[in-house]
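Trainee: using only what follows, build the 3D model:
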Amino acid sequence: MGGFPSDPYRRPGGVAIKFRLKGGYRQGVTLSEATDSARLSRSTAYSMHDLAPDMRGRITLKVRWAGFRSLTYEIPVSSDYDGYVNLQSLVRRIARAIVHFMTANAMTLSWDRVVLHRLEEIAPGIWIPVLTTH
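Mentor: Below you'll find the predicted structure:
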């Protein structure tokens, strides 16, 4: 998968982990859906190698939002019986970290309005979430 040359934070050739609800028509999941363990589409499977976790099985998540102090989290990554990353568990843990970020920065957005579209790798094992509001 090729990188986007216009994005200074994304490393060339980095992997993008995309999220979509099972049977859903739109890309991404809201933080409410993610924390409520909504079922995700398994149209794309990612291996542990794709996420490049550290020796303890964790990835680093850097959450940035314009005008707010950024925070870094360690997110445990688990795999299913077939050796692929459990996206349901991963997106729930990422959503919890983003909710913590919003709370720590006193952001008053509703969880239903914040959409997690994907994770982009900026260095091996270091990821940033791509978020939008609606």
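
Trainee: what comes up buried for the longest helix along the chain?
Mentor: Across the chain, the longest stretch assigned as helix under DSSP state H is helix 87-104. For helix 87-104, burial by neighbour count (16 or more other CB atoms under 10 Å) applies to 87-95, 97-99, 101-102. Just so you know, the C-beta spots here come from the backbone N, C-alpha and C atoms, and that holds for glycine as well.

Trainee: again, but for stretch 66-77
Mentor: 71, 73, 75, 77.

Trainee: and if you look at stretch 117-134?
Mentor: Those would be 117-122, 126-131, for stretch 117-134 by 16+ other CB under 10 Å.

Trainee: and which of those residues is nearest to Asp54?
Mentor: Nearest to Asp54 out of those is Ile126 (CB to CB; 10.0 Å).

Trainee: backbone dihedrals for that closest one, please?
Mentor: phi -120, psi 120 (degrees, to the nearest 10).

Trainee: brilliant, that's me finished.
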